[in-house]
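Engineer: Return a 3D structure for these sequence lines:
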Amino acid sequence: MKTQIDTFNATGKLPSHPFIICSTSGCDTKTTCFSKNLESKIKLYNGLEQLLSTFTCKVCRAGTTPLQNAKIKKVVIRAKRMTKTDTRAALVRDLINNAPKMDFSPRKPVGFLRDSPETVRSITADGSCIRPDIFLNSGRKCDDCGYNNCCQSKVKTFSKTYTIEII
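Structural biologist: Numbering: from 1, shown residues only. Next up is the predicted model:
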């Protein structure tokens, strides 16, 4: 210990710089302590010799400190707060998991409707389109649809260059 004090007086540093070794038997914990922190510990322990002979690390102090009049805190674990992005992600996951299964079997032919224009008129009487796939693929125009002669859809539109062909 005398050599450590002499080294500190000569250089301003401990030989184990930047650590102080715990003085508890069986503990080899090194605590970082240098500069202002070392100076304050020397004042706290009333000298370097006292510091080196009685210094104990946090782990050792926690194990030997008796709990006197200690209040036990109840820790309440709260559920994680959902942010907007978490809520949206959960909603998307639910939508993907609960999405109906699509049936990609061959399409049913609708060619029988061309032979019965009255059936086409009755289907489109409420304003719905009988072939929305053709309507949407043609840029919201009915130019390519084969049912435009008897269709009564409310969305029925033609391009300026379309000429009506009477069959």
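
Engineer: what ranges do the strands span in this structure?
Structural biologist: For the chain, applying DSSP state E gives strands covering 19-21, 30-32.

Engineer: Lys41 is nearest to which of the ones you listed?
Structural biologist: Closest to Lys41 of the strands of the chain is strand 19-21 (C-beta to C-beta; 7.5 Å). Every residue, glycine included, has its C-beta placed from N, CA and C.

Engineer: How about residues contacting the closest one?
Structural biologist: Residues outside strand 19-21 that contact it (C-beta atoms under 8 Å, 6 or more residues apart in numbering): Leu14, Asp28, Thr29, Lys30, Thr31, Thr32, Cys33, Leu38, Lys41, Leu51, Leu52, Phe55.

Engineer: If we use 10 Å, what do you get?
Structural biologist: 4, 14, 27-34, 37-38, 41, 51-52, 55, 57 (C-beta atoms under 10 Å, 6 or more residues apart in numbering).

Engineer: tell me the average confidence for it?
Structural biologist: Per-region confidence: strand 19-21 scores 81 on mean pLDDT.

Engineer: Output the helix or strand of the chain with the lowest mean pLDDT in PDB with nothing but the alpha carbons.
Structural biologist: Sorting the helices and strands of the chain by mean pLDDT, DSSP states H and E puts helix 58-64 at the bottom, at a mean of 74. What follows is helix 58-64, C-alpha atoms only, in PDB (Å, rounded to 0.1, in the frame of the first residue of the first chain):
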ATOM      1  CA  LYS A  58     -21.300  -1.500  -5.600                       C
ATOM      2  CA  VAL A  59     -21.900  -5.300  -5.700                       C
ATOM      3  CA  CYS A  60     -20.300  -5.800  -2.300                       C
ATOM      4  CA  ARG A  61     -22.000  -2.800  -0.800                       C
ATOM      5  CA  ALA A  62     -25.400  -4.000  -2.100                       C
ATOM      6  CA  GLY A  63     -24.900  -7.400  -0.500                       C
ATOM      7  CA  THR A  64     -23.900  -6.100   2.900                       C
END
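
Engineer: Perfect, that will be all.
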